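Colleague: just to be clear, the model below is a prediction. Sequence and coordinates:
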Amino acid sequence: MANMLREERLEYILKKLQTDHKVLQAELSSDLQVSEDTVRRDLESLAQNGQLIKVRGGAIPHSPNPYSFKERIQYHEEDKRHIATKALSFLRNGQTIMLDGGTSTLMLAKLIPANLHLTVITNSVPIVSQLMDHPGIELIFTGGLIGKNSQTSGGMDTIRMLEKLRADICFLGICSLHPVAGVTGLDLGEADVKSVMVESANKAIALATSDKMGTAEPFKVCDITGLDTIITDNPDLPSLKPYINLGIQVI
């Protein structure tokens with residue numbers, strides 16, 4: 001592969017990223033027969049164009065999911081139902097739980113049995129609407145500025161309220177999840193709110209469809225070890241080993 005044009009190198013990197021779900025600088029340097037400095041510049045160029053996320057020693061892909069809530073709500077709907085059904089086993093009468101503004105957490109809210117008594121804290125307008133008439137749920141909405149794309153409240157008012165609360169479990173909808181990059185998202189404000197939710201709960205459980213595993217976005221929610229449990233539809237056990245090796249329960 002010597003003497004490849006820059007455009008050819010970039011195309012090779014993107015194809016390898018699509019196939020392997022990661023690229024390593026040293027490996028690319030050998031494959032392309034160029035210096036690691038050249039590879040580093042190629043990766044920086046692709047990152048600046050929004051085509052990948054740079055991490056130490058290489059790069060990983062973005063999450064393929066659409067950004068707006070209205071688009072995401074029908075994306076992998078059955079996979080989310082399968083994950084949410086598994087999450088129900090963590091619920092007990094009398095618990096206080098936090099549900100963030102994800103579509104997977106909305107699915108969990110839809111499946112909460114009518115005879116279960118919980119206190120639910122959420123910043124999600126659709127979850128509030130879903131649980132408003134549930135006979136056994138005391139509902140706490142965090143307030144704040146509502147984002148039309150996300151249909152969630154955010155900003156300092158939301159964060160200040162969350163800091164005053166404590167939950168047994170925080171259930172997180174996931175944009176991107178990676179053993180090195182951690183839990184990340186596309187929006188800084190949403191990532192800040194999710195981060196406070198994790199810190200305000202005794203246990204953090206991620207609800208992650210398989211396409212979000214091994215991806216990253218610019219804004220960090222928490223280190224991967226900030227999670228206690230990952231519930232996923234991902235059947236690929238080798239790809240789950242990095243999380244299991246860090247002591248995270250994977251279901």
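Modeller: Yep, it's here.
Colleague: output the below-cut-off pLDDT ranges for this protein.
Modeller: Counting by pLDDT under 70, the ranges of the chain that qualify are 1-2, 64-75.
Colleague: domains of it?
Modeller: Described in terms of the TED database, the domain architecture of the chain consists of the residue ranges 6-60, 69-250.
Colleague: center of the protein - which residue?
Modeller: With the centre of the chain defined as its mean C-alpha position, the nearest residue by Cα atoms, centre = their mean is Ile174, 2.3 Å away.
Colleague: tell me the contacts of the closest residue in space to that residue that isn't next to it in sequence?
Modeller: Among residues not flanking Ile174 along the chain, Ala208 sits closest, at 4.1 Å (Cβ to Cβ, 6 or more residues apart in numbering). C-betas here are computed from N, CA, C, even on glycine. When contacts are counted by Cβ atoms under 8 Å, 6 or more residues apart in numbering, Ala208 touches 83, 104, 174, 177, 230-232, 234.
Colleague: which helices and strands does the helix or strand where Ile83 lies pack with?
Modeller: Assessed by DSSP states H and E, Ile83 sits inside helix 77-87. Using 3 or more Cβ pairs under 8 Å, 6 or more residues apart in numbering; DSSP states H and E as the contact test, the elements touching helix 77-87 are helix 103-111, strand 201-208, strand 229-232.
Colleague: one step back: highest mean neighbour count out of the domains of the chain?
Modeller: Between those, domain 69-250 has the highest mean count of neighbours, a mean of 19, where neighbours are mean count of other Cβ atoms under 10 Å.
Colleague: ok, back up a step: and the helix holding Ile83 with helix 103-111, angle?
Modeller: Following axes from the mean of the first three to the mean of the last three Cα atoms, to 10 degrees, one obtains 60 degrees for the angle between helix 77-87 and helix 103-111.
Colleague: tell me where the stretch 51-200 of the chain has helices.
Modeller: With DSSP state H, counting those that start in this stretch as the definition, the stretch 51-200 of the chain shows helices at residue ranges 69-72, 77-87, 103-111, 125-131, 156-163, 188-199.
Colleague: send the alpha carbons of the top helix by length along the chain over as CSV?
Modeller: Ranked by number of residues, the top helix in the chain under DSSP state H is helix 6-20. Output for helix 6-20, consisting of C-alpha atoms alone and laid out as CSV, is shown next (Å, rounded to 0.1, in the frame of the first residue of the first chain):
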residue,chain,number,x,y,z
ARG,A,6,-4.0,11.0,1.0
GLU,A,7,-7.6,10.5,-0.2
GLU,A,8,-6.9,6.8,-0.6
ARG,A,9,-5.5,6.6,2.9
LEU,A,10,-8.6,8.3,4.4
GLU,A,11,-10.9,6.0,2.4
TYR,A,12,-8.9,2.9,3.7
ILE,A,13,-9.1,4.2,7.3
LEU,A,14,-12.9,4.7,7.1
LYS,A,15,-13.5,1.2,5.6
LYS,A,16,-11.3,-0.4,8.2
LEU,A,17,-13.2,1.5,10.9
GLN,A,18,-16.5,0.3,9.5
THR,A,19,-15.3,-3.3,9.5
ASP,A,20,-13.3,-3.5,12.8
